[in-house]
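K.L.:
Okay, here's the prediction I keep looking at, along with the sequence it came from:
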Amino acid sequence: MYDIIIVGAGAAGLTSAIYARRANKKVLVLEAKSYGGQILNANKIENYPGIESISGVEYSKTLYNQVKKLKAEIKFETVLKIDEDKNVFTNKGKYNSKAVIIATGAENRKLNIEKEAEFVGKGISYCATCDGNFYKDKVVAVNGGGNTALEDALYLSEIAKKVYLVHRRDSFRGDDSYVSELGEKENVEFVLNSHIVNLNGKDKLESITVADNLNNKKELAIDGLFIAIGQSPKNEIFKNVVDLNEYGYIESLDGVHTKTKGIYVAGDARVKELRQLTTAVSDGSIAATVAIKEMK
């Protein structure tokens, strides 16, 4: 029996673990992949109060080590189900607790077009900071219009010979400062009002076909494509104990409580206005604090 089981070892989940262990609670963190979550892919974090600049890898490692030092138990297992009695079922076993915090974050959205899965690792990537160095002095494209896409394009512009930034609208959703900086880069070309309709190549990606709003098409020869079109949560397995909105995010009245007593939510998995590192750690600290208080 654990006091708190935390599902997810991203910033929200690991922060919950820190607060729970500092309250001397018996804690289990369950993670399907690797600790850190989405922030692991950030080249630089420069908007976190008190830290001028840090890489996502370094931040994630520091946070993970902090949790381990506090002696929280961390297991790399895939959660399959949670029931109303706060039993958590994984691919390796069953665990019970007094409280559960769901902090599973969200995953990268796919284009869902032919050959996408086939070319992952063979020209397609969802993480520019992870794979960008493979494309030094080559031609790449970034697909997306938010801050992630803009940051990826900026990062790649320092590595690649040429960067196409493909976006389906005529303006970007990300910060104007990023757009202005990209506009000054000689090796960055905006491809606006366009979306990718084909991925071309035999054994690896060799080019993409983009179509504009009038369905006029053109082919761009590239060596790599970085897809940055947003995220989607994977909360379907929890729908018996939580309410989900139309996009699959967990509903909560106050940002913490779900419809099931003793089951809480934190981070990008929930309905919220802003999905940033600052809000993730805030969610994690609040969820753990509330869970501890209501456990008494």
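P.N.:
Ah, there it is.
K.L.:
now stretch 272-291: how far from the chain's centre is it?
P.N.:
15 Å (C-alpha atoms, centre = their mean, to the nearest Å).
K.L.:
what residues does it touch?
P.N.:
Contacts to stretch 272-291, defined as C-beta atoms under 8 Å, 6 or more residues apart in numbering, come from residues 4, 10-20, 23, 37, 39, 45, 47-49, 59, 99, 101, 103, 106, 231, 249, 255-257, 262, 264-268, 270. The C-beta positions use only the backbone N, C-alpha and C, and glycine is treated the same way.
K.L.:
Stretch 44-51 too?
P.N.:
By C-beta under 8 Å, 6+ apart, stretch 44-51 touches 39, 52-56, 59, 276-278.
K.L.:
same thing with stretch 164-172?
P.N.:
Stretch 164-172 is contacted from outside by 139-146, 149-150, 153, 178-179, 182, 188-196, 208, 210, 220, 222, using C-beta under 8 Å, 6+ apart.
K.L.:
Likewise for stretch 69-82?
P.N.:
Residues outside stretch 69-82 that contact it (C-beta under 8 Å, 6+ apart) are 2, 7, 9, 17-18, 20-22, 26-35, 64, 67-68, 88-93, 100, 102, 104, 237-238, 240-241, 263.
K.L.:
So which of these sit within helices?
P.N.:
Among the contacts of stretch 69-82, DSSP state H puts 17-18, 20-22, 64, 67-68 in helices.
K.L.:
returning to what we had before: can I have the buried ones of the contacts of stretch 272-291 as a ChimeraX selection?
P.N.:
Command for ChimeraX that selects the buried part of the contacts of stretch 272-291, burial taken from 16 or more other C-beta atoms under 10 Å:
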select :4,10,11,12,13,14,15,16,17,18,19,20,23,37,39,45,48,59,99,101,103,106,231,249,255,256,257,262,264,265,266,267,268,270
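K.L.:
In contact with the most centrally placed residue in the chain, which residues are there?
P.N.:
Residue closest to the mean C-alpha point of the chain, counted by C-alpha atoms, centre = their mean, is Gln38 at 3.3 Å. Each residue near Gln38 by C-beta under 8 Å, 6+ apart is listed here: 10, 105-106, 231, 268.
K.L.:
if we can go back for a sec, closest to Lys122 among the ones in helices among the contacts of stretch 69-82?
P.N.:
Lys122 has its nearest neighbour among these in Tyr64, at 30.4 Å by C-beta to C-beta.
K.L.:
which residues in the stretch 151-296 of the chain form strands?
P.N.:
Under the criterion DSSP state E, counting those that start in this stretch, the stretch 151-296 of the chain contains strands at 162-166, 188-191, 194-200, 207-212, 217-221, 224-227, 231-232, 263-265.
K.L.:
Go through those and name the closest to Phe134.
P.N.:
Closest to Phe134 of the strands of the stretch 151-296 of the chain is strand 224-227 (C-beta to C-beta; 7.2 Å).
K.L.:
which residues sit in contact with Lys138?
P.N.:
160-161, 223-224.
K.L.:
could you dump those residues to JSON lines with distance to Lys204 and neighbour count?
P.N.:
Shown next, in JSON lines, are the contacts of Lys138 (distance: C-beta to C-beta, whole Å; neighbours: other C-beta atoms under 10 Å):
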{"residue": "Ala160", "distance to Lys204": "16", "neighbour count": "26"}
{"residue": "Lys161", "distance to Lys204": "18", "neighbour count": "13"}
{"residue": "Asp223", "distance to Lys204": "9", "neighbour count": "19"}
{"residue": "Gly224", "distance to Lys204": "10", "neighbour count": "24"}
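K.L.:
Of all pairs in those residues, which one is the farthest apart?
P.N.:
Greatest spacing in those, by C-beta to C-beta: Lys161 and Gly224 (11.3 Å).
K.L.:
hey, what's in contact with both of those two?
P.N.:
Common neighbours of Lys161 and Gly224, using C-beta under 8 Å, 6+ apart, are 138-139.
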